[in-house]
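I'd like to go over a predicted model; first the sequence, then the structure.
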Amino acid sequence: MTEDTTAFPPLHEYALAHRCPTCGAEPGAHCEAPRKQAGIESRNRIRERIGQPPVQANPLHLMHVTRGDAGNRHYGRDLAAAPWPEDREPGRRYDTLGRA
Ligand SMILES: [Zn+2]
């Protein structure tokens, strides 16, 4: 049996739904993380120089770790409250984002 990926949103959406404990970014707003952004831009400049296509950053890597942790804990609570995968309705979401 394959995991139903519609049951829960991706982890970066969980993280984005929380206020960032590190930089104070509001829920839904991106982190103020210029060094993280600069690191990705610098890596892509190097890739461009050697003829490689730019990499798309994982949205979680542009957020502060503390915010990712808050998202992970929220996901863990939702997962614990949801029925077992075999008892879930196909296509239904079991997250509490937007209602938390
Ligand atoms: Zn942040």
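Okay, I see it.

any idea which element residue 22 lies in?
Using DSSP states H and E, residue 22 sits within no helix or strand.

thought it was touching residue 67?
Yes: proximity of residue 22 to residue 67 meets the contact threshold set by Cβ atoms under 8 Å, at 6.7 Å. (Glycine included, C-beta is placed from N, CA and C.)

Mutual contacts of those two, please.
Any residue near both residue 22 and residue 67 by Cβ atoms under 8 Å, 6 or more residues apart in numbering counts here, and that gives residue 31.

Residue 51: neighbour count?
6 (other Cβ atoms under 10 Å).

ugh, wrong one, I meant residue 89
10.

for the ion, what are the nearby residues on the protein?
Within the chain, the residues that sit near the ion (Cβ under 5 Å from the ion) are 20, 22, 23, 25, 31, 64.

For the fourth one, the count of nearby residues, please.
Applying the criterion other Cβ under 10 Å, we find 19 residues in the vicinity of residue 25.

how much space between it and residue 16?
Distance of residue 25 to residue 16, computed by Cβ to Cβ, to the nearest Å: 9 Å.

I'd like to know how far the spatially most central residue of the chain sits from the ion.
Centroid-nearest residue in the chain: residue 12, 0.8 Å away (criterion: Cα atoms, centre = their mean). Residue 12 is 13 Å from the ion, where distance means Cβ to the ion, to the nearest Å.
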